[in-house]
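>>> Here is the input, now give the coordinates:
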Amino acid sequence: MAVLIIDGGAGALLYEAEHRHGIYDALQVGWKVLTRGGSALNAVSKAITNMEDNPSFNCGTGSVLTIDGKVEMDASVMTEDGKYGAVGAIRQIKNPILVARKVMEQTDHLLLVGDGSIKFARLMGFKKYEKITKRSKDRLAKLKKEGKSDYFPKLKKYMKLGTVGAIALDNKKRIAVATSTGGINGRLSGRVGDSAILGAGTYADENGGATATGHGELIMKLFLSKLVVDLMKKYSAQKAVDIALKQVRSQKGLCGIIALDKKGNVGIGYTPKSMSWGYIKDGKVNIF
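Residues are numbered from 1 along each chain as shown. Purely as a prediction, here's the structure:
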């Protein structure tokens, strides 16, 4: 039994219709891989690449900007056998998730950041790509004008959208998780969030997989994705998410998480106002 679940980020979603269409498209791309007997890893890679190419999401082309107007992205991928790869604060790349996968498959490292990650990407054949959308520029301008943030009050900034993630269970019972983000709007340059940190934004083992979105600093402190997957030793994916989010709420955190256990049960939960997500199970598409 194959299952695919993805999220388009948690927060105050401004473009819900676009997100729903984007979620649907990414699900179809990933699901095609699974129905043709492809691996969970290929399915999540395809789904996240599709979202990185969609300017509606805060990743890849649609990434929000640092306070000095730069695009810096984080991404990671992990499989149930413990393989992991990530990039942090990477620039001038179209699809960070594919570079993260290369880190996993072609190096002895787990994480490459900044200039080093860019040099590695070029070595792997990824061409220079640098696009800043008008929407991202407008978000940064609005942030600077309003000067307030639910995430970074010390910096007096504000964010609208979050990380994207995907989890797949293939017909061979393999699980893979992928996470990609353009970060939080108006953050300091060089900041690396949870999406590049093993166990924080992304985690998978023989019990299942999880990927998180939202306030990266809190997600890192809680190792939120690993917490959820560890709970799946005893509980279903949904129960594991519910328990983990109690810790988030106790700290008044703004986070969301999707999860998938080895039995194919999906889990979803979030504390911000909204979150876009969807899944395909038994051939049926569900989008929220």
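>>> neighbours around residue 189, how many?
15 (other C-beta atoms under 10 Å). For every residue, glycine as well, the C-beta is placed using N, CA and C.
>>> Next SSE downstream of the helix or strand in which residue 276 is found?
Counting by DSSP states H and E, the element that carries residue 276 is strand 274-281. For strand 274-281, the following helix or strand on the C-terminal side (DSSP H and E) is strand 284-287.
>>> Can you list the buried residues in that following strand?
Judged by neighbour count (16 or more other C-beta atoms under 10 Å), strand 284-287 contains these buried residues: residue 287.
>>> who does it pair up with?
Strand 284-287 pairs in its sheet with strand 274-281 (antiparallel), by DSSP bridges.
>>> Run through who's touching the strand holding residue 276.
By C-beta atoms under 8 Å, 6 or more residues apart in numbering, the list of residues contacting strand 274-281 from outside reads 1, 3-13, 16, 19-20, 22-24, 27, 31, 213, 256, 258, 264, 266, 268, 285-288.
>>> same thing with stretch 67-74?
Counting by C-beta under 8 Å, 6+ apart, 59-60, 63, 65-66, 86-91, 93, 96, 130-132, 136-137, 140, 155, 157, 180-183, 186-196, 201 sit against stretch 67-74.
>>> Let me know the angle separating the strand or helix carrying residue 32 from strand 274-281.
Residue 32 belongs to helix 16-35 when assigned by DSSP H and E. Counting by axes from the mean of the first three to the mean of the last three C-alpha atoms, to 10 degrees, helix 16-35 points 30 degrees away from the direction of strand 274-281.
>>> Does anything pack onto helix 16-35? Which helices or strands?
strand 3-11, helix 40-52, strand 164-169, strand 274-281, strand 284-287 (3 or more C-beta pairs under 8 Å, 6 or more residues apart in numbering; DSSP states H and E).
>>> got the CA positions of that helix in CSV?
This file holds the C-alpha atoms of helix 16-35, laid out as CSV (Å, rounded to 0.1, in the frame of the first residue of the first chain):
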residue,chain,number,x,y,z
GLU,A,16,-5.2,29.6,-0.3
ALA,A,17,-6.6,28.8,-3.8
GLU,A,18,-3.1,28.7,-5.3
HIS,A,19,-1.9,26.5,-2.5
ARG,A,20,-4.7,24.0,-3.1
HIS,A,21,-3.9,23.8,-6.8
GLY,A,22,-0.2,23.5,-5.9
ILE,A,23,-0.8,20.7,-3.4
TYR,A,24,-2.8,18.8,-6.0
ASP,A,25,-0.2,19.1,-8.6
ALA,A,26,2.6,18.0,-6.3
LEU,A,27,0.6,15.0,-5.1
GLN,A,28,-0.1,13.9,-8.7
VAL,A,29,3.6,14.1,-9.6
GLY,A,30,4.7,12.1,-6.5
TRP,A,31,1.9,9.6,-6.8
LYS,A,32,2.8,8.8,-10.4
VAL,A,33,6.2,7.7,-9.1
LEU,A,34,4.6,5.4,-6.5
THR,A,35,2.0,3.9,-8.8
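>>> Buried residues in that helix, which are they?
For helix 16-35, burial by neighbour count (16+ other C-beta under 10 Å) applies to 18-20, 22-23, 25-27, 29-31, 33-34.
>>> Report the angle between that helix and helix 40-52.
160 degrees.
>>> The nearest residue to residue 63 once chain neighbours are set aside and residue 270, how far apart?
Nearest non-adjacent residue to residue 63, counting by C-beta to C-beta, 6 or more residues apart in numbering: residue 182, 2.5 Å away. According to C-beta to C-beta, to the nearest Å, residue 182 and residue 270 sit 19 Å apart.
>>> Counting neighbours, go ahead and name the busier of these two.
Taking neighbours as other C-beta under 10 Å, residue 182 and residue 270 compare with residue 182 leading, 30 against 25.
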